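> could you look at this predicted model? Sequence included:
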Amino acid sequence: MDATRADQQPLPGQLRPAGTDGIDQIQADIAAALRSTIVLPPYDEVLRLIDTLKRHLGPLVEQAKGHVQEHRPGEVAWYREHVQIDNAQIQLRSGPGDGLVSAAHRLQRLARSVQQLHRQIHHDQGA
């Protein structure tokens with residue numbers, strides 16, 4: 001029996017192949033990380049999302065490094081992209097913290113970093 005399209009869809013937090021589905025997945029993971037709730041998510045979910053967003057962020061940093069070469073030092077875009085790349089590299093090196101609250105805050109900083117680089121790259125590509 002052939003698998004249906006729904007059976008082939010990744011679970012939330014799993015990476016999809018590059019392309020439109022990959023962009024949709026990145027946006028879904030950012031939204032999940034930035035959800036505003038009174039109750040903190042389970043620690044395991046926070047750690048899973050941190051790992052997932054780091055897997056998104058690594059390739060985005062490499063793409064951004066290529067884009068920064070398109071601008072001259074001193075231009076606002078050059079400076080902005082360098083700041084975003086530096087912040088993203090800090091996020092990639094940082095751990096989750098000592099507990100659930102620090103991990104949840106860390107997750108949100110990581111999600112914002114992914115969001116900023118993702119927007120910058122796709123804006124530069126005319127998407």
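Arrived safely. Residues are numbered from 1 along each chain as shown.

> flag the shaky bits of this protein, pLDDT-wise.
1-21, 36-38, 71-75, 77, 123-127 (pLDDT under 70).

> that one: helices as residue ranges?
Along the chain, counting by DSSP state H, helices occupy 5-8, 20-34, 43-68, 76-93, 100-124.

> let's have those helices in a markdown table, adding mean neighbour count.
In this view, the C-beta of every residue, glycine as well, is placed from N, C-alpha and C. A markdown table is the format used below for the helices of the chain (neighbours: other Cβ atoms under 10 Å):
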| stretch | mean neighbour count |
| --- | --- |
| helix 5-8 | 6 |
| helix 20-34 | 16 |
| helix 43-68 | 17 |
| helix 76-93 | 15 |
| helix 100-124 | 18 |
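
> any idea how far the closest residue to Leu117 other than its chain neighbours is from Tyr43?
Leaving aside its sequence neighbours, Leu117 sits nearest to Leu60 (Cβ to Cβ, 6 or more residues apart in numbering; 4.3 Å). For Leu60, the distance to Tyr43 (Cβ to Cβ, to the nearest Å) stands at 26 Å.

> cool, Ser94 as well?
17 Å.

> now do Leu34
18 Å.

> and the residue positioned nearest the centre of the chain, how far from Gly99?
Centre of the chain computed as the mean C-alpha position; nearest residue by Cα atoms, centre = their mean is Val114, 3.0 Å away. Distance of Val114 to Gly99, given as Cβ to Cβ: 23 Å.

> hmm, Ala88 is touching Leu117, no?
Yes: the criterion here is Cβ atoms under 8 Å, and Ala88 meets it with Leu117 at 5.7 Å.

> who touches both of the two?
Common neighbours of Ala88 and Leu117, using Cβ atoms under 8 Å, 6 or more residues apart in numbering, are 57, 60-61, 64.

> a markdown table for those, including distance to Val76?
Below are the shared contacts of Ala88 and Leu117 laid out as a markdown table (distance: Cβ to Cβ, whole Å):
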| residue | distance to Val76 |
| --- | --- |
| Leu57 | 23 |
| Leu60 | 20 |
| Val61 | 20 |
| Ala64 | 15 |
